[in-house]
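Trainee: One predicted model, sequence on top.
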Amino acid sequence: MSKLIVEVHDASDLMPKDGDGFASPFVEVDFDEQKQRTQTKPKDLNPYWNEQLVFSITNPRHLPSKTIDVSVYNDRKGGHHKNFLGRVRISGFAVPLSESEATVQRYPLDKRGLFSNVKGDIALRIYAVQDHSSPPQPRQEYGNVETSTNNSTSADIPQVFSTPLQEINTNRIDEEFEHMGEKVMKKKKEKESRTFHSIGTGGPPSFSHSHPNSGFGFETHNQKAPQVETRTDFARAGPGPGAATVMHMQGPPRQNPEFALVETSPPLAARLRYRAGGFSGDKTSSTYDLVEQMHYLYVSVVKARDLPTMDVTGSLDPYVEVKLGNYKGVTKHLDKNQNPVWNQIFAFSKERLQSNLLEVTVKDKDFVKDDFVGRVQFDLTEVPVRVPPDSPLAPQWYRLEDKEKFKVRGEVMLAVWMGTQADESFAEAWHSDAHDIGHVNLASTRSKVYFSPKLYYLRVQVFEAQDLVPSERGRPLDTYVKVQLGNQIRLSRPSQVRTINPIWNDELMFVASEPFDEVLVISVVDKIGPGKDDLLGMLFVPVRGIPSRIETHHKLPDPRWFNLQKPSVAAEEETQKKKEKFSSKIHLLLCLDAGYHVLDESTHFSSDLQPSSKHLRKPSIGILELGILSAKNLLPMKGREGKTTDSYCVAKYGNKWIRSRTLLDTLNPRWNEQYTWEVYDPCTVITIGVFDNHHIHGNREDARDQRIGKVRIRLSTLETDRIYTHYYPLLVLTPSGLKKHGELQLALRFTCIAWVNMLAQYGRPLLPKMHYVSPIPVRYIDWLRHQAMQIVAARLSRAEPPLRREAVEYMLDVDYHMFSLRRSKANFHRIMSLLSGFTMVCRWLNDICTWRNPVTTCLVHVLFVILVCYPELILPTIFLYLFVIGLWNYRLRPRHPPHMDARISQAEFAHPDELDEEFDSFPTSRPADIVRMRYDRLRSVAGRVQTVVGDLATQGERAQALLSWRDSRATAIFIIFSLIWAVFIYITPFQIIAVLLGLYLLRHPRFRHKLPSAPVNFFKRLPSKSDMLL
């Protein structure tokens, strides 16, 4: 008799059920009216069973029509009472016939009903074996697995077991499901399942971090875990043996699957919990748990002393060479120094270790050949392991040896240890993949954290001037004020008073940044003619001395009169501080507004909404943790140079920017770096971008880092305390079309520390109070945002290593406000999708009124009469309906964070000419015929918009014409009809009027006619102003 073996390995991230945040899970497997269960694991949300359950197969021919039900329960009282934790229903259609063909698969737990609260997954290994006297012995450890080959034949087993699914064939799938359905109907206890998990056959897949659907194996000092695959693709099998498939009985995907989000299950410490026997209780799990641990060999070269002289001149130019296998790192050489100090750290990835012997050699720099001074060797098996928060390893003095291992003169101070990327030396270390980069360019490959400068709005109110001295007396003046702050220049409106005492009464606004080391330059200019201006006076005001306004109830500072300096002696007066008995004066109000939030991003996806003043900022409500794990399938951005891609990541949230280290010459980089931000508002967005570094080999300064793609994630769409791990598509829109440059794997977790404050945020204004009490003029907002972006980009580009201007501008979407026909289409489709709900309601009401479904129409009649008789039920009914609709939509809620959607953006099938227009410069640089064609196209679109706007205006003017007596007869009819209705409504109860009106609107189609009603005809005959247009 054949046997079915079900190996239950482990489960993770189960739903707590006991009220204390835990569960006591066990697994129950039901196959062919046979039930078996595992042991109960008390108070464990990540249980580990490693148990084997054996079932009898009465007839192997019927196995494809069988279903294996695997249910996970919470044991409440010794198994007599249990809570449902999830289940998996697996079809016997593709169960492998030998143990060697079976692999461990991880299945997401499904719900049992609509209101089931389920999460987590379970790892299973299922296979069938032929007549054995005893079932295979259960395995005790993952690390010591010996698979046995089944030599028995399978002649009496259907051929469907021999190969997994290889292609999508809808006819074949339909036939197989019909065949299975006929056999399932013969069994009364067999239930229909909507999700079938097919188990791949073939040998275990090779471990690869870049495989799109593979799991992530992990390794410790004691044992290895099995490789687990998670698949969520639709109705198709993997490319080769061993690939698991999940077939969902649902419609086609909404967008191109190539641009979709892919959920992953990397072995993160936050999910694995570092349980006993798995990771030996690593200390770093609590603070560095959103990335995979990567082990490194660190070598700290501190200094040397008492080195011997090697040259004929008696000098020594020492440097240190750290060599491990084929990797070699070199320190700087110091001229003529027998006691050099280097203080450099080298890091070698454990995955790339090619030798067990580390050599640290001191050499003398020479013109022809460098001289050997001495060396120190280390056996890697004896290197200590350091885990933060342990204190740094103290360096020690080591005596140098010659090539024959005899002690020679000189000592070198070193520290060698094994650590992870959580080590504080990781960011500043020289990494082994950068072995061919010079020390000058090494800084551009390191990870750094940046902070945007604190920005303020500078308000300048220009009132008037007195006693101006023009170059030509008797000529009327045409004066204006020019104000300059750094690169920002603003002009006031021309004065209407054309005398020596002009009046402007204008307000200008600028963006100032700490530490306020700039000077505000104010010039009064007389416009003589085209291109000819006369400078009448200048004023220099240090920004540091301008008063500030913080609270909204604070008044603006009082205006002041300032002396204008003569242009000819302005520089001399600035340096020597000369005082004039007489000078022209200008009346100004200068103020630094600290109560605003300076917008440096679009308000639609802003990451920071805090005011400039730290005294007005609210306490944080949570913590956002980001793990930049890896990327895969990146395009070679340096293909012409014979290389692939030198990629790094940039993330921006609030005023904190992070830059990951640059991984050189790889299309599948693995960063595994974790960063943390404080969250003050949940309705904010974090932006992560990937770039190709073009400044690592001494490239010219005008070289630009190429953009690979970016991801935006809104925090309000994330569930608290849940870990999201996905591959995000890196989509870039180019003049040639939409391109996918790869996929970025991220881990996200939003932790709330103040639930009351977070919920209260939803009722507070989005921006600080000052934006509503004293709003900024609309004409200034875009200009001020652009200036803030330029200040942030300039400041970050001056850091070391610099965060390049092109990267900052791409992250901040500098050109987002520019016209784009593609984006206009996308916004139009967004509006139409919103109106589609309204049109559906109108269509439903029309179906009710036309009695398309008599039963529904009768029910609406009854409901309408009830609401008319009891009007106090109207509002409760509406809100109850909203509650029920929201509760019903809960099952359809998004399970993944949002990402760049090519379908909504209208980017996947955009016309090439539209893209060329979008990437055109401003002003345009295209030929005149192309510009003329685009202008004509824009005129045609604008003509249709003009017609729609005119129609809306016509309807509004007709409504105004009811009482304006433009058509005296129509107005007379309307007011007489209004009087009759007023008397009728006064003497008739409101309920009767409402019932009569409702029954009239809901009358049967046999009482309707196709002509418009009298009120509609009357309204359309009213006059509008369209006939008054030229």
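Mentor: Looks like it arrived, so ask away. Residues are numbered from 1 along each chain as shown.
Trainee: Just the buried positions in the strand ranked longest in the chain, please.
Mentor: For the chain, the strand with the greatest residue count under DSSP state E is strand 737-752. Within strand 737-752, the residues that count as buried by 16 or more other CB atoms under 10 Å are Leu738, Lys740, His741, Gly742, Glu743, Leu744, Gln745, Leu746, Ala747, Leu748, Arg749, Phe750. In this view, the C-beta of every residue, glycine as well, is placed from N, C-alpha and C.
Trainee: what do you get for stretch 389-400?
Mentor: Within stretch 389-400, the residues that qualify as buried are Leu393, Pro395, Tyr398, Leu400, counting by 16+ other CB under 10 Å.
Trainee: low-confidence ranges in the stretch 1-150 of the chain?
Mentor: Along the stretch 1-150 of the chain, the parts satisfying pLDDT under 70 run over 1, 77-80, 114-115, 131-150.
Trainee: The residue lying farthest from the centre of the chain: which element?
Mentor: Distance to the chain centre peaks in the chain at Gly474, reaching 64.8 Å (criterion: CA atoms, centre = their mean). Gly474 belongs to no helix or strand when assigned by DSSP states H and E.
Trainee: any idea how far Thr499 is from it?
Mentor: In this view, Gly474 and Thr499 are 11 Å apart by CB to CB, to the nearest Å.
Trainee: With adjacent residues omitted, what lies nearest to Glu719?
Mentor: Excluding the flanking residues, the one nearest Glu719 by CB to CB, 6 or more residues apart in numbering is Phe750, at 7.7 Å.
Trainee: Test my guess that the one you found contacts Arg714.
Mentor: No. Here Phe750 does not reach Arg714: they are 10.5 Å apart, not a contact under CB atoms under 8 Å.
Trainee: May I have the secondary structure class of Ile586?
Mentor: strand (DSSP: H, G, I helix; E, B strand; the rest coil).
Trainee: partner residues bridging it?
Mentor: Using DSSP bridges, the bridge partners assigned to Ile586 are Ala465, Phe562.
Trainee: could you measure it against Gln39, distance?
Mentor: For Ile586, the distance to Gln39 (CB to CB) stands at 87 Å.
Trainee: Then Leu635?
Mentor: Distance, Leu635 to Gln39, using CB to CB: 50 Å.
Trainee: So which helix or strand of this structure has the lowest pLDDT on average?
Mentor: Lowest mean confidence among the helices and strands of the chain (mean pLDDT, DSSP states H and E): strand 245-248, at a mean of 33.
Trainee: Heading C-terminal from that strand, find the next helix or strand.
Mentor: Next along from strand 245-248, by DSSP H and E: strand 262-263.
Trainee: And that next one, how far out from the chain middle?
Mentor: Distance of strand 262-263 from the chain centroid (CA atoms, centre = their mean, to the nearest Å) equals 14 Å.
Trainee: The residue nearest to Glu719: what's it in contact with?
Mentor: Phe750 sits next to Gly622, Ile623, Leu624, Glu625, Val679, Pro682, Leu715, Leu718, Glu719, Thr720, Asp721, Arg722 when contact means CB atoms under 8 Å, 6 or more residues apart in numbering.
Trainee: what pLDDT does the residue lying closest to the second one once chain neighbours are set aside get?
Mentor: Residue nearest to Ile623 in three dimensions, not counting chain neighbours: Thr751, with 4.7 Å by CB to CB, 6+ apart. You'll see Thr751 listed with a pLDDT of 93.
Trainee: Name the nearest of the buried residues of stretch 389-400 relative to Thr687.
Mentor: The closest of the buried residues of stretch 389-400 to Thr687 turns out to be Leu393 (CB to CB; 37.4 Å).
Trainee: would that closest one count as being in a strand?
Mentor: No. Per three-state DSSP, Leu393 lies outside any strand segment and is coil.
Trainee: so it touches Pro384, yeah?
Mentor: Yes. Assessed by CB under 8 Å, Leu393 is found in contact with Pro384 at 7.1 Å.
Trainee: between these two, what contacts are shared?
Mentor: Common neighbours of Leu393 and Pro384 (CB under 8 Å, 6+ apart) are Trp417.
Trainee: returning to that earlier point: next one: phi and psi at the residue farthest from the centre of the chain?
Mentor: For Gly474, the backbone dihedrals (degrees, to the nearest 10) come out as phi 90, psi -10.
Trainee: same check, this time on Arg722
Mentor: phi -100, psi 140.
Trainee: Look at it and report its pLDDT.
Mentor: With respect to pLDDT, Arg722 has a value of 91.
Trainee: do the one 10 residues further on as well
Mentor: Taken from the predicted model, the pLDDT recorded for Val732 is 91.
Trainee: So which elements touch the helix or strand harbouring it?
Mentor: Per DSSP H and E: Val732 is located in strand 723-734. Secondary-structure packing of strand 723-734 (3 or more CB pairs under 8 Å, 6 or more residues apart in numbering; DSSP states H and E): strand 262-263, strand 622-632, strand 706-714, strand 737-752, helix 912-918.
Trainee: redo that, cut-off 6 Å
Mentor: Judged by 3 or more CB pairs under 6 Å, 6 or more residues apart in numbering; DSSP states H and E, strand 723-734 is in contact with strand 706-714, strand 737-752.
Trainee: Adding distance to Tyr648 as columns, could you present those in JSON lines?
Mentor: What follows is the helices and strands packed on strand 723-734, written out as JSON lines (distance: least, CB to CB, whole Å):
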{"stretch": "strand 706-714", "distance to Tyr648": "10"}
{"stretch": "strand 737-752", "distance to Tyr648": "12"}
